[in-house]
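Peer 1: generate a structure from the sequence data that follows.
(2 chains)
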Amino acid sequence: MEKTINLKLKIWRQSAPDAKGELVSYDVKDVSTEMSFLEMLDVLNEDLTKKGEEPVEFDSDCREGICGTCGIVINGIPHGQEKATTVCQLHMRHFKDGETVLLEPWRAKAFPVIKDLVVDRSAFDRIISAGGYISTKTGSAPDANIIAVPKPDAELAMDMAACIGCGACVAACPNASASLFVGAKISQLSLLPQGRIEAATRVQNMVAQMDAELFGACTNIQECEAVCPKEISISAIARMRREYVKAAFK
Amino acid sequence: MRISQIFSSTIGKKLILGITGLMWASFIVIHLLENLLLLNPDPDPFNKWAHTLISLGPVIYAAELVLVVSLLFHIFYAVRVTLENNKARSVSYNKSAGKGGVSRRGLATSSMIYTGILLFIFIILHLLHFKYGSYYEYEVGGVVIRDLYRTVHEYFSNPLNVTYYIVMMALLGLHLSHGVWSAFQSLGLNGPRFTPLMTKIGTGIAVFVAIGFIGIPLFVLLTGGAA
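Peer 2: Numbers count the residues shown, from 1 in each chain, chains lettered A, B, ... in the order given. Below is the predicted model:
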């Protein structure tokens, strides 16, 4: 049943990448518990706009939990406290009337703040670019099942491909490590025959780029898996390490 | 890719930490099993075993060299990884909370570098207490050997020394409770049956080592110290 709650928001406001930021408090009244967290912020922003104040900048796109664009650290947890949820799919029914909610951007050296809650995640794009291509036959459409893939491998590759690249793993990791993201991307291809051809150079180049972006090293805390909206397992990180060692002896 | 490149990568550094850590964890388990002889009211079996080890000559020196080198690598890379990881988040959160669930975030994972540094200091002191500690000799079966049993019992007749060992061995247990399973994960050894098993074995080793190494000094103190 729909009801309304009042919230006190403490939001990180930072006008520009080099500007000094600070936490600013806002009261949001009559928030429908049916709203998503981002809709609640939309209401706040409408209010701020009417008052002639600068709205709170945040990222969002699909708002159905599949694009990986949104991301806010809510009360110290990336995407909030609900399991396997992105911020856009986090609903206000999980909050209590009168609660104070703290909103901060992803924090990592490799993810500099652009404005308020928006960070620059192009480091992820550069890692993906470093991964390169796969060799495949072009021309007429190939026969659908010409390359046999064991069913368990196909399933596992799909689990790894579920990564939406939101960066919550980096935000949650005490070391700001991107290992879960990179591990998922490497796994997704290395599990399939089509991805084996360039497997060695791919893992070397992606790991080198990950390190060059100054992400931290993984110390196996598994907080990344806990916050991952797609619940990607840290077995991805172990697979990345195996591929890396294998590549070294190639 | 050159091998040297591997060891400067985030993955390679953790490989070294994992390998050297497992070497030390294995040594610690063996070391505990040997030292259970200290619970024997007869000093001879312990002293004879210690004498046998010393008599191995080059073999024991080689083993000691491997341990020292692996420890230095472990410390060097642990400090390096920690400093780099701290730099990876230059602006910290106003609030950071664990999500629970599968996360292992907690005292053991966040204190690895601190327990590690304290344990390194402990290892040096430990060698000074015993290996380079007070030297007694006695004759067993016509051979004069060192009475290390007496040195140990003498040292643990002091409650302050025992307290220090209890605290340090609890920290060792904490370090191993994350370290052992984590080393396998760092080496890329992970599997749906293997990893839960290694987590249990890691916790088992941590508890066994902590209880064992806390038990020995406590037993010596409570049973009256020097024999």
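
Peer 1: which residues touch A:R126?
Peer 2: Taking CB atoms under 8 Å, 6 or more residues apart in numbering or on different chains as the criterion, A:R126 is in contact with A:209, A:213. C-beta coordinates here come from the backbone N, C-alpha and C atoms, glycine included.

Peer 1: that one is in what secondary structure piece?
Peer 2: Assessed by DSSP states H and E, A:R126 sits inside helix A:122-131.

Peer 1: could you give the mean pLDDT of that helix?
Peer 2: In this model, helix A:122-131 carries a mean pLDDT of 98.

Peer 1: helix or strand next in line after it, which one?
Peer 2: Following helix A:122-131 toward the C-terminus (DSSP H and E): helix A:151-161.

Peer 1: and for that following helix, what's in contact with it?
Peer 2: By CB under 8 Å, 6+ apart, the residues outside helix A:151-161 that reach it are A:149, A:184-185, A:187-189, A:191-192, A:232-233, A:236.

Peer 1: show me where the chain has strands.
Peer 2: All of this is about chain A. A:4-13, A:22-32, A:73-74, A:77-78, A:100-104, A:113-115, A:118-119 (DSSP state E).

Peer 1: wrong one, chain B
Peer 2: According to DSSP E, chain B carries its strands in the segments B:137-140, B:143-146.

Peer 1: so which bits of the last one are buried?
Peer 2: By neighbour count with 16 or more other CB atoms under 10 Å in any protein chain shown, strand B:143-146 contains the buried residues B:I145.

Peer 1: so which residues of chain B form helices?
Peer 2: Counting by DSSP state H, the segments of chain B that form helices are B:3-8, B:10-35, B:43-55, B:58-87, B:107-110, B:112-129, B:148-155, B:159-186, B:194-222.

Peer 1: and the first one, C-alpha only, in CSV?
Peer 2: Taking Å, rounded to 0.1, in the frame of the first residue of the first chain, the C-alpha atoms of helix B:3-8 are listed here in CSV:
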residue,chain,number,x,y,z
ILE,B,3,58.6,-12.5,-16.0
SER,B,4,59.8,-9.2,-14.3
GLN,B,5,56.6,-7.6,-15.7
ILE,B,6,54.5,-10.1,-13.9
PHE,B,7,56.0,-9.2,-10.5
SER,B,8,55.3,-5.5,-10.9
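
Peer 1: which of the helices of chain B sits closest to A:A212?
Peer 2: Among the helices of chain B, helix B:10-35 comes nearest to A:A212, with 10.7 Å by CB to CB.

Peer 1: low-confidence ranges, chain A, go.
Peer 2: Judged by pLDDT under 70, chain A has its weakly predicted residues at A:1.

Peer 1: in a markdown table, list the strands of chain A along with mean neighbour count.
Peer 2: Formatted as a markdown table, these follow (neighbours: other CB atoms under 10 Å in any protein chain shown):
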| stretch | mean neighbour count |
| --- | --- |
| strand A:4-13 | 17 |
| strand A:22-32 | 13 |
| strand A:73-74 | 24 |
| strand A:77-78 | 26 |
| strand A:100-104 | 20 |
| strand A:113-115 | 19 |
| strand A:118-119 | 20 |
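
Peer 1: quick one: closest of the ones you listed to A:F58.
Peer 2: Proximity to A:F58, assessed across the strands of chain A by CB to CB, is greatest for strand A:118-119 (6.3 Å).

Peer 1: contacts only, for residue 14.
Peer 2: No chain was given, so I picked chain A. A:20-22, A:105, A:113, A:115-116.

Peer 1: that's the wrong chain, I wanted chain B
Peer 2: Applying CB under 8 Å, 6+ apart, the residues contacting B:K14 are A:217-219, A:241, B:81, B:186.

Peer 1: let's see 6 Å
Peer 2: Going by CB atoms under 6 Å, 6 or more residues apart in numbering or on different chains, B:K14 touches A:217, B:186.

Peer 1: now B:P159. Nearest residue, chain neighbours left out?
Peer 2: Closest residue to B:P159 apart from its sequence neighbours, by CB to CB, 6 or more residues apart in numbering or on different chains: B:L221 at 6.3 Å.

Peer 1: and the gap between that neighbour and chain A?
Peer 2: As for B:L221, its distance to chain A is 36 Å (criterion: CB to the nearest CB, to the nearest Å).

Peer 1: centroid-nearest residue for the chain?
Peer 2: Using chain A. Closest residue to the average C-alpha location of chain A: A:C166 at 1.8 Å, with CA atoms, centre = their mean.

Peer 1: nope, chain B please
Peer 2: For chain B, by CA atoms, centre = their mean, the most central residue is B:I28; offset 5.1 Å.

Peer 1: for the closest residue to that residue other than its chain neighbours, grab the count of nearby residues.
Peer 2: Leaving aside its sequence neighbours, B:I28 sits nearest to B:V209 (CB to CB, 6+ apart; 5.7 Å). Number of residues near B:V209 (other CB atoms under 10 Å in any protein chain shown) recorded here: 22.

Peer 1: pull the distance from stretch A:87-105 to the chain's centre.
Peer 2: Here stretch A:87-105 is found 18 Å from its chain centre; the criterion is CA atoms, centre = their mean, to the nearest Å.

Peer 1: contact partners of that stretch?
Peer 2: Taking CB under 6 Å, 6+ apart as the rule, stretch A:87-105 contacts A:5, A:7-12, A:31, A:33, A:35-38, A:40, A:60, A:63, A:65, A:70, A:72-73, A:75, A:79-80, A:82, A:113, A:117, A:119, B:93, B:95.

Peer 1: please apply the same query to stretch B:84-95.
Peer 2: Contacts of stretch B:84-95 (CB under 6 Å, 6+ apart): A:76, A:102, A:104, A:107-109, A:175-176, A:214-217.

Peer 1: kindly recompute the last result at 7 Å.
Peer 2: With CB atoms under 7 Å, 6 or more residues apart in numbering or on different chains as the contact definition, stretch B:84-95 has outside contacts at A:23, A:73, A:75-76, A:102, A:104, A:107-109, A:175-176, A:214-217.

Peer 1: so which bits of chain B are right by chain A?
Peer 2: Where chain B comes near chain A, counting by CB under 7 Å from any CB of the partner chain, the residues are B:1, B:3, B:6, B:9-11, B:13-14, B:81, B:84-85, B:87-105, B:109-110, B:182, B:185-190.
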